[in-house]
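J.: everything below, folded, please.
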Amino acid sequence: MNADTYKDFAERYDLSFGQFGEHDPQGVEFYRQLFAETDIHSVLDCACGTGRHLELFHSLGCEVTGSDISEAMMAQAEKNLAEHGLEIPMRQADFHDLPHYFDRRFDAVVCLSAIGFMPDETECLKAFKSMFEVLRDGGLLVLTAMPTDRQWKEKPRFHLVTNTRDFSRLFVIDYEEHAARYTILDICHSEERGELKVWSAELQVFLPDAQERLLKAAGFQRVDFYGSFDFTPYNKEISDSLIAVAYK
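T.: Next up, the predicted model:
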């Protein structure tokens, strides 16, 4: 596997998300309704990061499995889950080759905020085929990605993600032809701690048209796009979120 790009970021990754185990109610209801309507009981989070969604899916009564290519992120996930008394199976795995790591089929696979790390459409298609292969017939894949069409058109330079009394996180975004480099400035400004940490990553841009084309090439029968977790249909002109649900 490649060098762990999250090695220096995993420990503070969660700082802008609130307490572990706390979730946006709209997001919780989205998954609750989606999973109920499609008879989802087993879920693989194939880019599980620090485990926040593993805890969420477990709270919905699902049989949950996690995987991630980053050893550092998985170590943080294990710590987070242990602190909440949860034992959820996880393994280090590359989502380009999930059948190599899992010899079973899942009702759902989720891949959240991760497809941008694939360098091009060839690698993206390979990953989508891998996810397709570990889904049962009739199963579904949930993707989230950034930017949206609106964000890609407007190209905002700065995005203040979090600004609390003790901590601020700022995205500084540089745009290229088919990618965006996110430089993340984490600023601790409490009485006990004052420091600046910087981390950056280049994300390839896969807008809905490209996602749908690649997902169908991978074998998925239908793809629905939403602009928020309230099931509002995606709108290229106004949506600030990009959520895809692909059906096998």
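
J.: tell me which residues of the strand or helix carrying residue 197 come out buried.
T.: Element membership of residue 197 [criterion: DSSP states H and E] is strand 194-204. Across strand 194-204, burial judged by 16 or more other C-beta atoms under 10 Å covers 199, 203, 204. Just so you know, the C-beta spots here come from the backbone N, C-alpha and C atoms, and that holds for glycine as well.

J.: quick one: the last one and residue 69, what's the gap?
T.: In this case it means residue 204. Separation of residue 204 from residue 69 (C-beta to C-beta, to the nearest Å): 16 Å.

J.: domain ranges for this structure?
T.: The record assigns the chain these domain ranges, following automatic domain parsing: 10-148+205-247, 150-202.

J.: JSON lines please, covering those domains and showing mean pLDDT and distance to residue 4.
T.: Formatted as JSON lines, the domains of the chain follow (pLDDT from 0 to 100; distance: least, C-beta to C-beta, whole Å):
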{"stretch": "domain 10-148+205-247", "mean pLDDT": "96", "distance to residue 4": "5"}
{"stretch": "domain 150-202", "mean pLDDT": "94", "distance to residue 4": "12"}
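
J.: picking up where we left off before, can you list contacts of the strand holding residue 197?
T.: Residues outside strand 194-204 that contact it (C-beta atoms under 8 Å, 6 or more residues apart in numbering): 5, 8-9, 12, 116-120, 124, 146, 176, 178-188.

J.: one more: stretch 100-110?
T.: So stretch 100-110 is contacted by 35, 38-46, 53, 57, 65, 67, 91, 93-94, 98, 131, 134-136, 139-143 (C-beta under 8 Å, 6+ apart).

J.: then stretch 173-182?
T.: Residues from elsewhere that reach stretch 173-182, judged by C-beta under 8 Å, 6+ apart: 147, 155-159, 171-172, 183, 200-205.

J.: most remote residue from this structure's center?
T.: residue 191 (32.9 Å; C-alpha atoms, centre = their mean).

J.: that one belongs to a strand?
T.: No. Residue state for residue 191 (DSSP: H, G, I helix; E, B strand; the rest coil) corresponds to coil; a strand is not indicated.

J.: helices of this protein, residue ranges please.
T.: Shown for the chain, the helices assigned by DSSP state H span residues 25-37, 52-59, 71-83, 98-101, 121-133, 149-154, 208-217.

J.: want to try JSON lines for those helices, with mean neighbour count and distance to residue 164 as columns?
T.: Converted to JSON lines, the helices of the chain look like this (neighbours: other C-beta atoms under 10 Å; distance: least, C-beta to C-beta, whole Å):
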{"stretch": "helix 25-37", "mean neighbour count": "15", "distance to residue 164": "20"}
{"stretch": "helix 52-59", "mean neighbour count": "21", "distance to residue 164": "18"}
{"stretch": "helix 71-83", "mean neighbour count": "19", "distance to residue 164": "20"}
{"stretch": "helix 98-101", "mean neighbour count": "16", "distance to residue 164": "37"}
{"stretch": "helix 121-133", "mean neighbour count": "19", "distance to residue 164": "35"}
{"stretch": "helix 149-154", "mean neighbour count": "15", "distance to residue 164": "24"}
{"stretch": "helix 208-217", "mean neighbour count": "17", "distance to residue 164": "33"}
